[in-house]
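[1] okay, here's the prediction I keep looking at, along with the sequence it came from:
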Amino acid sequence: MLIITRRPGEKIILGDDVTVTVMEVSGQTVRIGIDAPKSLPIYREEIWAAVKQENEAAASANEQLPQVPRPARPGR
């Protein structure tokens, strides 16, 4: 893990297209701004963990999807 000290207004560049800016430091709270392409998903850690857990639960579910009959083709 890389640990970097930054002050408000200072930035960290990730790759060619992601910039993290320290916006404000207040006590134990740090506000950051992230400038990244819209195609790059950005999640808070607790949201990412919940999404990952839901995906794993869905992938391991033993339930079968119900069989849906095919619609009849007209003229047959």
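    Structure's in. What do you need? Numbers count the residues shown, from 1 in each chain.
[2] look up which residues are beta-bridged to the closest residue to I4 other than its chain neighbours.
    Leaving aside its chain neighbours, I4 sits nearest to I12 (6.2 Å; criterion: Cβ to Cβ, 6 or more residues apart in numbering). From N, CA and C alone the C-beta is placed, and that goes for glycine too. Counting by DSSP bridges, I12 forms beta bridges with V20.
[3] isn't I12 right up against T5?
    No: contact criterion Cβ atoms under 8 Å: I12 and T5 do not qualify, at 10.7 Å.
[4] neighbour count for the two, which is higher?
    Taking neighbours as other Cβ atoms under 10 Å, I12 and T5 compare with I12 leading, 14 against 6.
[5] quick one: residues contacting the more buried one.
    Neighbour list for I12: 4, 6, 19-21 [criterion: Cβ atoms under 8 Å, 6 or more residues apart in numbering].
[6] same deal with A49?
    No contacts exist for A49 under Cβ under 8 Å, 6+ apart.
[7] looking at it now. What's its pLDDT?
    Here, the pLDDT recorded for A49 equals 95.
[8] shouldn't it be within a helix?
    Yes: assigned with DSSP: H, G, I helix; E, B strand; the rest coil, A49 falls within a helix.
[9] where do the helices of this protein begin and end?
    45-60 (DSSP state H).
[10] which stretches of it have low pLDDT?
    Scanning the chain for pLDDT under 70 picks out 76.
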